[in-house]
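1. Coordinates only, no sequence provided:
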């Protein structure tokens, strides 16, 4: 189990970097680009978005390798530790804002993940256990769950009020996480054919399903990061993804965990600790400060949106992603 855990930790490092880069790249996008192909046109002009994609690809490579050696129920919970790495990144930048409860939440999450893997002891499983009908059923169930989450992100509140940014981000993140859980299962299927050579890989349906489901997951997660704060989107991504992947590992690949009464009680308590720790950690002041900082760095993102729509604009954001725009009163004497 050591090899797959090490590879999964490497994957989580890259996915954590991708999460931060995706958030910084997508947050300034105006709301009218939501669920539009023009959002990608906006992101194509953001250098950090390409860094996020590269990190996601690197994470994918490590994930494929980890799943080649281990079970979904082992690998995906370890990859969920990316939230700890996100917290670490932000803590290094905002050391003065880190509180005792933040470290307690981080420790609780680490204990919950490690404890769950120890108590559940996932094992067994083979891609031969699932045929195409079972995969189609799984794809249908995942699509339905994602569609419900997307629908809930658009439901208006009382008196026809539009959903809050936090609500949109939370439900879109859940939809993305459900999709990524299915992507992980497809990756597991694909990893079983790699040793057989290119003919076996490309003669199987899994690489093509991976392209489609991965593109859908990328679209949903980009919209989740654009829709609202990281504090709203990250819990769903961290919790739902490994849960869906583990469930698919059990139903599709025949993986199994300890299911005695005592074990199930311990697993439920550890999952409750994980959920509570994630919710507490994502409400850390450094996460909230980072979110407001991201949006404040590019107050003129609407000009890029006008460029995307072909309405003109100064295109200033196209030249440098990380430059803080000058305030209105600062132009003239300093810039001249």
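-> Here it is on my side, so go on. All values reported here derive from a predicted model rather than from experimental measurement.
2. any idea how far residue 265 is from the most centrally placed residue in the chain?
-> Centre of the chain computed as the mean C-alpha position; nearest residue by Cα atoms, centre = their mean is residue 237, 4.7 Å away. For residue 237, the distance to residue 265 (Cβ to Cβ, to the nearest Å) stands at 27 Å. All C-beta spots, glycine's among them, are computed from the backbone N, C-alpha and C.
3. Check residue 4 too.
-> Residue 4 is 26 Å from residue 265, by Cβ to Cβ.
4. again with residue 124
-> 22 Å.
5. Comparing these two, which residue is more hemmed in?
-> residue 124 (14 against 11; other Cβ atoms under 10 Å).
6. That one contacts residue 250, correct?
-> No: between residue 124 and residue 250 there is no contact under Cβ atoms under 8 Å: 9.7 Å.
7. before we move on, the earlier item: show the pLDDT at the residue nearest to the centre of the chain.
-> We have a pLDDT of 83 for residue 237.
8. Could you do the one 4 residues further on as well?
-> Model confidence at residue 241, expressed as pLDDT, equals 85.
9. Can you verify my assumption that it contacts residue 182?
-> No: the criterion here is Cβ under 8 Å, and residue 241 misses it with residue 182 at 9.7 Å.
10. shared neighbours, these two?
-> The contact sets of residue 241 and residue 182 do not overlap (Cβ atoms under 8 Å, 6 or more residues apart in numbering).
11. tell me the contacts of residue 178?
-> 142, 145, 146, 149, 240, 241, 244.
12. one more time with 7 Å, if that's ok
-> 142, 145, 146, 149, 240, 244 (Cβ atoms under 7 Å, 6 or more residues apart in numbering).
13. Put the buried members of these into a PyMOL selection.
-> To isolate the buried members of the contacts of residue 178 in PyMOL, using 16 or more other Cβ atoms under 10 Å:
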select buried, resi 142+145+146+149+240+244
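14. joint contacts of residue 124 and residue 250?
-> residue 256.
15. Isn't residue 3 up against residue 67?
-> No: between residue 3 and residue 67 there is no contact under Cβ atoms under 7 Å: 11.4 Å.
16. Which residue of those two possesses the greater neighbour count?
-> residue 67 (27 against 12).
17. how far is the strand or helix carrying residue 175 from where the chain is centred?
-> Assigned by DSSP states H and E, residue 175 belongs to helix 165-194. With Cα atoms, centre = their mean, to the nearest Å as the basis, helix 165-194 stands 8 Å off its chain's centre.
18. residues of it that come out buried?
-> Per 16+ other Cβ under 10 Å, helix 165-194 contains these buried residues: 167-193.
19. Dump the contacts of residue 178 into TSV; add secondary structure and distance to residue 275 as well.
-> Output for these, formatted as TSV (DSSP: H, G, I helix; E, B strand; the rest coil; distance: Cβ to Cβ, whole Å):
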residue	secondary structure	distance to residue 275
142	helix	21
145	helix	18
146	helix	20
149	helix	17
240	helix	10
244	helix	15
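20. just curious, which of the contacts of residue 178 is nearest to residue 273?
-> residue 240 (16.6 Å; Cβ to Cβ).
21. list the contacts for the nearest residue to that closest one once chain neighbours are set aside?
-> Nearest non-adjacent residue to residue 240, counting by Cβ to Cβ, 6 or more residues apart in numbering: residue 177, 3.6 Å away. By Cβ under 7 Å, 6+ apart, the contact set of residue 177 is 236, 237, 240, 241, 244.
22. so the fourth one sits right up against residue 183, yeah?
-> No: if you go by Cβ under 7 Å, residue 241 and residue 183 don't touch, sitting 9.0 Å apart.
23. Just list the residues touching residue 145, thanks.
-> residue 178.
24. if I look at it, how far off is residue 174?
-> Distance from residue 145 to residue 174, by Cβ to Cβ: 8 Å.
25. Confidence-wise, which helix or strand of this structure is lowest on average?
-> helix 301-309 (a mean of 45; mean pLDDT, DSSP states H and E).
26. Just want to check the distance between residue 108 and residue 5.
-> From residue 108 over to residue 5 (counting by Cβ to Cβ), the distance is 19 Å.
27. How about residue 264?
-> In terms of Cβ to Cβ, residue 264 sits 23 Å off from residue 5.
28. out of those two, which sits in the busier spot?
-> residue 5 (18 against 14).
29. measure the closest residue to the more buried one other than its chain neighbours to residue 137 for me?
-> Excluding the flanking residues, the one nearest residue 5 by Cβ to Cβ, 6+ apart is residue 78, at 5.6 Å. Computed as Cβ to Cβ, the residue 78 to residue 137 distance reads 27 Å.
30. ok, these two, which is more surrounded?
-> residue 78 (23 against 13).
31. which residues does that one contact?
-> Residue 78 sits in contact with 5, 8, 9, 12, 113, where contact means Cβ under 7 Å, 6+ apart.
32. residues making contact with the host helix or strand of the last one?
-> So the one you mean is residue 113. Taking DSSP H and E as the definition, one finds residue 113 inside helix 100-120. With Cβ under 7 Å, 6+ apart as the test, helix 100-120 has contacts from 73-74, 77-78, 80-81, 83-84, 87, 257-258, 263, 266-267, 270-271, 273-274, 276-278, 280-281, 284.
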